[in-house]
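> need coordinates for the below:
(one chain, ligands or ions: 1)
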Amino acid sequence: MAQLAKIDVVSIEDLQTSEIERIFELADEYSEELARGGQITSAAGLIMATLFYEPSTRTRLSFESAMHRLGGAVISSADMQASSAAKGESLADTVRVVSSYADLIVLRHPHDGAARVAADYASCPVLNAGDGSREHPTQTLCDLYILRRKKGHLKGLTVALCGDLKFGRTVHSLIYALARFGANIVAVPTAGMDVPRYVLERLASERNYSFSTVTMDELKGLAGGLDALYLTPSAPHQMALFTGDEDIRQIPSAEPPAALDAFYVTRLQKERMTGKEINSSEYVRFDARALKTSRTQAAVVMHPLPRTNELAYELDSDPRAVYFEQAAAGVPVRMALIAWLIENSEPPGRGARAVAVPIRFKGETLPPRCANANCISRFEGAYLRPRFTLARGADSSVLALKCDFCERELKIEFVGHVRSRRYYRYDDTLQGYVRQWIEEGSLAVFESVKQAEESGYEPYKRGPQRDIMKADEVARAVDLLADQMIADLPDLTSVSMVGVISRGAILALRLRDLIESKTKIRPPCAALDVYSPADALNPIDGSDEFNVEGRTVVLIDDVINSGWTVQRAMATIWRRGRPAAVKLAVLIDRGHRAVPIRPNYCGKNIPTSRSERVQVRLAAPDADGKSKANDRVMIYSIVEPLKETEPAS
Ligand code: NCD
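Here you go, the predicted model:
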């Protein structure tokens, strides 16, 4: 019985060009063999598990059919809601267990980067059957296979990608592959659904490839006959599409491509939309007229399916409509992929692709949280540490990191050195140091000064410090906050208090004790950690349950400045449920808001300059009188390493 080597196909880029060619060769052989009705036993004795956390028709059934046709066996969890995932089992545990039942796992998952995590934890190979909006490499194999069969080759083809290019994972994998095979891409996104920046950046950095984007209207212009499509001479993949005579700039020696070779139309990925990205009535609708012009009449129409409204049924009888052939290719192509895995399990095997080594965040220095709310690292935080590599980044005033799971860029404003426990505002003159700290494993990164200070870091240098509130004033301000809340909140029994860790949580407890002594009502209290990779909102009064649904939530923090912390805290609260109202209580309001948030209850307004820091010292409610006497609010200025000569305002 064949034993598969651990080769994971998470991205289409995990397959080398020669390997894709070999897979197509095998797919040709299997297509013929299937047509002959031959008996195939290449995968006899092997078991494939299909784990689908999202709906699927083609991908799962063609994978399963492929495995059966190869003489192998299939175990399947087509609806993970019927598996232990519904009981909260982690992805890592699921794939670890399933790898002991199967020789190969095919996974579909709603979160970006899930296939990477599964591949890391499964002992058998993992094939990505779609992970969130990131990639769908085996669909690309089917797409390329049919495109090549229709056109004879891939190099130099011109392919228009239409519709939802933002969330369409099939499109992302296809773009990487078309770039690799030397095809020209014209992106025709529905407004607001452009190819994401992380995809463009990967193309630019790994393949030195770029393409231009045209609007739906320009595409319609092309279909209506106002067609002019040019390749620029300097960059063979740069393309410009002009629709009116007045716009046409003749590019000397540029060869206009004879025609468009393919339209690749996609469905609006509604299930991935977070809000009002677009209204579906603005979405592309593709019909037979698009194929009537001299430049489009030889084009094939492709679609990964399922279609919704974007592709007229009238096209189905047109020989240029090849989407059902793409779907049918699912069986021989996936047979070929499995057979290729079997081939490669025999020595000498294959060399693995070189990958960037993630930055090590040592000890208690936390890696930052990925900025992408759909990243798998945001959902599997119990065991999965966020992982980043250094990104190129266009903005020199921030340190750009790339999430190793979902590839999204994270911009870091503050960096720290773990041994000196100093933090700095990032600026590209620190680049050399930061690289060295990464090598030594001594880099810490912070999203804000608040986080740096919460982590026990001091500014690189601080100016003189002065007290602006002493213990008695702090106590009066806290008391004032409690009175404001009591006066404003008609029903304290429906109030839940949420303190932002760490001083916001202490303040919440002190406010709660004051409210209780004044009204005999003791609202439940929870602490919220805005920097935890997982959503962290936990009760701090010993009770197990903390509800926000239908409650009046009072969010409490010591200082409000830009408002980002509050915004993030609100997002965490809303993920827990729908409160009837959210109110904000802060001890100090510094001004400088970057988001439109205003505290409902405020202990004191202290206007400050941007280079100043306000630091609050606040003893826990059960601390002794001596510690409480040390409560104070201090202000100092942060001296930036490169601006030391500037006076601290
Ligand atoms: C696609 C998918 O799931 O990403 N379907 C498929 O696998 N053929 C495309 C889609 O759902 O729109």
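
> contacts and neighbour counts: CA atoms only from here.
Will do.

> burial count for the nearest residue to Arg593 once chain neighbours are set aside?
Distances taken as CA to CA, 6 or more residues apart in numbering put Ser562 closest to Arg593, at 4.1 Å, once the chain neighbours are dropped. Residue neighbour count, defined by other CA atoms under 10 Å, stands at 17 for Ser562.

> just Ala336 next, same as before
26.

> next, it: phi, psi?
Backbone torsions of Ala336, given as degrees, to the nearest 10, read phi -60, psi -40.

> cool, Lys461 as well?
Reported as degrees, to the nearest 10, the phi and psi values for Lys461 are phi -150, psi 140.

> next, the contact list for the residue of the chain found nearest the ligand, please.
Residue of the chain nearest the ligand, by CA to the nearest ligand atom: Pro304 (4.4 Å). Shown here is Pro304, whose contacts under the criterion CA atoms under 8 Å, 6 or more residues apart in numbering are Gln139, Asp143, Thr170, Val265, Thr266, Tyr323, Gln326, Ala327.

> just those residues that are near the ligand?
Counting by CA under 6 Å from any ligand atom, Thr170 from those sit close to the ligand.

> which of the contacts of Pro304 fall within strands?
Counted as lying in strands by DSSP state E, out of the contacts of Pro304, are Val265.

> picking that back up, where does the residue nearest to Arg593 sit: helix, strand or coil?
coil (DSSP: H, G, I helix; E, B strand; the rest coil).

> I'd say it and Val595 touch.
Yes - taking contacts as CA atoms under 8 Å, Ser562 lies within contact range of Val595: 6.7 Å.

> test my guess that Gln3 contacts Asn344.
No - the pair Gln3 and Asn344 fails to qualify as a contact (CA under 8 Å) at a distance of 10.0 Å.

> now do the same contact list for the residue nearest to Arg593.
Ser562 neighbours (CA under 8 Å, 6+ apart): Gly591, His592, Arg593, Ala594, Val595.

> can you check Ile47 too?
Contacts for Ile47 (CA under 8 Å, 6+ apart) come out as Gly72, Ala73, Val74, Ile75, Tyr101, Ala102, Asp103, Leu104.

> give me that answer again for 7 Å
The neighbourhood of Ile47, defined by CA atoms under 7 Å, 6 or more residues apart in numbering, consists of Gly72, Ala73, Val74, Ala102, Asp103, Leu104.

> could you check how far it is from Tyr636?
For Ile47, the distance to Tyr636 (CA to CA, to the nearest Å) stands at 65 Å.

> repeat that for Ala328.
Taking CA to CA as the measure, Ala328 and Tyr636 are separated by 68 Å.

> counting neighbours, go ahead and name the busier of those two.
Neighbours per residue (other CA under 10 Å) separate Ala328 from Tyr636, with Tyr636 holding more: 19 against 15.

> quick check: closest non-adjacent residue to the more buried one.
Residue nearest to Tyr636 in three dimensions, not counting chain neighbours: Gln465, with 4.5 Å by CA to CA, 6+ apart.

> how about the one you found, what does it touch?
Applying CA under 7 Å, 6+ apart, one finds that Gln465 lies in contact with Met634, Ile635, Tyr636.

> which residue packs closest to Leu4, ignoring adjacent ones?
Distance criterion CA to CA, 6+ apart; nearest residue to Leu4, sequence neighbours excluded, is Ser345 at 5.2 Å.

> ugh, typo on my part, it should be Ala581
Thr552 (4.8 Å).

> hang on, the one you found packs against Thr493?
No - between Thr552 and Thr493 no contact is recorded; they are 9.3 Å apart, counting by CA atoms under 7 Å.

> same drill for the two, tell me which one is more crowded.
Between Thr552 and Thr493, counted using other CA under 10 Å, the more crowded position is Thr552 (21 against 13).

> look up which residues are beta-bridged to that one.
According to DSSP bridges, the partner residues bridging Thr552 are Val495, Ala581.
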